[in-house]
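Q: Sequence isn't available, so here's the structure alone:
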Ligand SMILES: [Zn+2]
């Protein structure tokens, strides 16, 4: 019987106004009155973890490496 499914859906509806913490995936309240100062993180700890990840280079910004931008071109033209 789907009775239990209905109950689960009701509980999920209460949790709908929440965002997952980018670090630990715990639900973070979006309610402005209960929104943590560390938003969108669930806690200061997760915020620090995320900042640490940035500092350590875990998040690499997509882009070409600077090496090879024109050096190869110069070498190629040397004998052209
Ligand atoms: Zn978290």
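A: Everything's here; your move. The model shown is predicted, which means the values in this text are computed figures rather than measured ones. Numbering: from 1, shown residues only.

Q: can you pull out the helices in this structure?
A: 3-14, 44-56, 71-78 (DSSP state H).

Q: Give the other helices and strands that the second one contacts.
A: Counting contacts by 3 or more Cβ pairs under 8 Å, 6 or more residues apart in numbering; DSSP states H and E, helix 44-56 is packed against no other helix or strand. Bear in mind the C-beta positions are built from the backbone N, C-alpha and C, glycine included.

Q: contacting residues around it?
A: The contact list for helix 44-56 (Cβ atoms under 8 Å, 6 or more residues apart in numbering) reads 21, 22, 23, 24, 37, 38, 41, 59.

Q: Average pLDDT for that helix, rounded please.
A: What helix 44-56 shows for mean pLDDT is 86.

Q: for the first one, same thing?
A: Helix 3-14 shows a mean pLDDT of 53.

Q: Offset the numbering so it begins at 18, please.
A: Sure, I'll start counting at 18 from here, so that last one is helix 20-31.

Q: Between which two of the contacts of helix 61-73 is the distance greatest?
A: Taking Cβ to Cβ, the two most distant members of those are 54 and 76; they sit 22.3 Å apart.

Q: which among the contacts of helix 61-73 gets closest to residue 47?
A: Minimum separation from residue 47 among those (Cβ to Cβ) is found for residue 38, which lies at 12.0 Å.

Q: Let me know the distance separating the closest one from the ion.
A: For residue 38, the distance to the ion under the criterion Cβ to the ion, to the nearest Å works out to 3 Å.

Q: For residue 80, see how far away that residue is.
A: 27 Å (Cβ to Cβ, to the nearest Å).

Q: same deal with residue 66?
A: Applying Cβ to Cβ, the value for residue 66 to residue 80 is 24 Å.
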